[in-house]
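>>> Here you go, sequence then predicted model.
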Amino acid sequence: MKKLTVVALGGNALLRANQQGTVEEQEQNSFDSCKMLLPLIKNRNLIITHGNGPQVGNIYLRSEAGHSVFGLPRTPLDISVADSQGEIGYMIERQLRNVIVDNNLKKKVVTLLSQVVVSNKDKSFKEPTKPIGSYYLKEEADLMALANKWMFKEDAKKRGWRRVVASPTPLEIINSDLIKNLAKKGEIVIAVGGGGIPVYIDEKNNYRPIEDAVIDKDLSASLLASVIGADEFIILTDVPKACINFNKPNQKELNVLKVSQAKSLLKKGEFGEGSMKPKIQAAVNFILNGGKEAIITEASCLNQENFGTRIIQ
């Protein structure tokens, strides 16, 4: 039996930091990323999740431009997340098919639009922290906050003020059984893109949209891996291994971390808030919920032995 594996692609899988974000750039990046997944495509039953930060930010900006210039209705954030899932899933699915054909493999690929249940009373709605969209002058931010009842916070690097939204904890992955069954049959499933489209269940058990929130993609991927009983959870990022003392003279790569060690390092604030910390936390969550092994690494390392930082019980 092949291992059931959930892989979380980082945002750099489609868009590099030094690029404009053209379709041509994203096409090439997605093909390159899919090629690097070949060892997993051959040897695992595979589910792929992905980020959407740059893309959903661009969709949000298009909505704002259309509203301010042409008076078009604004697109709610949940619809923008759904839009980005389709856009990114289409690119990854098509390039995966090309990799499969080039290597004479017999695999099918499917992209599922994924909703994720959260609580509409999550504490993050009282203190939104997730920045989205452009940087504005304080005067511009104050006007938009007043007109739209939005919240803005100043960027830590003093580049301006950005709108912030809630990032609620994922509670349930809708269609997780379907995702598992397809993957167990050997098909490649792309799901839970961008952390999933946030929805909540009202008092009548109806599914309702949450318009001003985004879910952490690594936490959603970890939850998916847990509920389907995945054998391993792999988080792909832009470094071969997690490190302590990152970018310091005494930087040290981590090969194997027990959960107790990882929790201790998290408590000490060893990992970056917007970079490695959520990845380590997602890996810890997976192990605490019955997972066997979580791995954090760079896609180019997947063909090496004992690649990445491994988190175990």
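Sure thing, it's come through. Please read all numbers here as calculations on a predicted model, not as lab measurements.

>>> Just name the shakiest helix or strand of this structure by mean pLDDT.
Sorting the helices and strands of the chain by mean pLDDT, DSSP states H and E puts strand 130-136 at the bottom, at a mean of 81.

>>> by contact count, what packs against that one?
helix 53-70, strand 161-165 (3 or more Cβ pairs under 8 Å, 6 or more residues apart in numbering; DSSP states H and E). C-beta here means a position set from N, CA and C on the backbone, and glycine is covered the same way.

>>> Would you single out the least confident of the ones you listed?
Sorting these by mean pLDDT places helix 53-70 lowest, at a mean of 86.

>>> what about residue 46, how many residues close to it?
Neighbouring residues of residue 46 were enumerated by other Cβ atoms under 10 Å; the total is 25.

>>> For it, give me its contacts.
Residue 46 makes contacts with 5, 7, 37, 40, 183, 188, 189, as judged by Cβ atoms under 8 Å, 6 or more residues apart in numbering.

>>> Any figure for the gap between the second one and residue 300?
Shown here: residue 7 relative to residue 300, a distance of 14 Å by Cβ to Cβ, to the nearest Å.

>>> The two: who's more crowded?
Taking other Cβ under 10 Å, residue 7 and residue 300 do not tie; residue 7 has more neighbours (25 against 14).

>>> Residues in a beta bridge with that one, which ones?
On the basis of DSSP bridges, residue 7 is bridged to residue 48, residue 234.

>>> same question, residue 207
Residues in a beta bridge with residue 207, per DSSP bridges, are residue 201.

>>> right, and it touches residue 197 too?
No: checked against Cβ atoms under 8 Å, the pair residue 207 and residue 197 is beyond contact range at 10.2 Å.

>>> out of the two, which sits in the busier spot?
Using other Cβ under 10 Å, the more surrounded residue of residue 207 and residue 197 is residue 197, with 26 against 11.

>>> just checking, the more buried one touches residue 83?
No: assessed by Cβ under 8 Å, residue 197 is found out of contact with residue 83, at 9.8 Å.

>>> shaky segments in the stretch 1-150 of the chain?
11-12, 17 (pLDDT under 70).

>>> Do you have the strands of it handy? List them.
3-9, 44-50, 109-111, 115-117, 130-136 (DSSP state E, counting those that start in this stretch).

>>> those helices in the stretch 101-250 of the chain, which residues are they?
138-148, 176-184, 217-227 (DSSP state H, counting those that start in this stretch).

>>> Including distance to residue 47, could those go into JSON lines?
Compiled in JSON lines, the helices of the stretch 101-250 of the chain are given as follows (distance: least, Cβ to Cβ, whole Å):
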{"stretch": "helix 138-148", "distance to residue 47": "37"}
{"stretch": "helix 176-184", "distance to residue 47": "5"}
{"stretch": "helix 217-227", "distance to residue 47": "7"}
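
>>> just the ones you listed: most buried one?
When the helices of the stretch 101-250 of the chain are scored by mean count of other Cβ atoms under 10 Å, the highest mean neighbour count falls to helix 217-227 (a mean of 26).

>>> Rounded mean pLDDT for that helix, please.
97.

>>> what do you get for stretch 268-288?
On average, stretch 268-288 scores 91.

>>> and residue 152, how many residues sit next to it?
By other Cβ under 10 Å, 20 other residues sit near residue 152.
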